[in-house]
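**Student:** sequence plus predicted model, see below.
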Amino acid sequence: MAQEARGRKAKVYVTQIGLYIIANPQMFQYGHSKIIFLISYLTSQASTWAQPYTVKLFVGQPVFMQRTLDGKLKLSSASISKASRKTYALL
């Protein structure tokens with residue numbers, strides 16, 4: 001699949017997940033619950049890609065959703081300072 005097509009599918013996926021989270025805020029009171037929900041609906045290569053983050057969640061390590069300078073979302077599991085964490089945009 002071409003990179004452009006994957007990008008469109010990813011945008012649609014994030015939009016659908018985001019709308020669900022906005023419509024059900026009582027289910028997503030913590031940032032990690034949003035990430036768990038997002039990961040749980042990944043399939044194929046995306047699910048394989050997310051596996052290391054899933055393992056970290058299982059063992060209680062923090063996983064963050066970060067917005068990059070170009071506006072894309074990415075998962076991060078690196079240890080970060082409390083001040084840096086404030087700059088991250090959660091879903």
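**Tutor:** Perfect, thanks for sending it. Numbers count the residues shown, from 1 in each chain.
**Student:** tell me how far V55 lies from S77.
**Tutor:** 10 Å (Cβ to Cβ, to the nearest Å). Every C-beta, even on glycine, is put in place using the N, C-alpha and C of the backbone.
**Student:** what of T54?
**Tutor:** Taking Cβ to Cβ, one finds T54 at 11 Å from S77.
**Student:** just F28 next, same as before
**Tutor:** The value you get for F28 to S77, if Cβ to Cβ is used, is 20 Å.
**Student:** so if I had to pick from these two, which one is more boxed in?
**Tutor:** Applying other Cβ atoms under 10 Å to F28 and S77 shows that F28 carries more neighbours, namely 18 against 14.
**Student:** OK, contacts around that one?
**Tutor:** Taking Cβ atoms under 8 Å, 6 or more residues apart in numbering as the contact definition, F28 lies against 21, 34, 37.
**Student:** just checking, the second one touches I21?
**Tutor:** If I follow you right, that is K34. Yes. At 5.8 Å, K34 counts as touching I21 under the criterion of Cβ atoms under 8 Å.
**Student:** can you tell me which residues contact I21?
**Tutor:** 27-28, 34, 37, 91.
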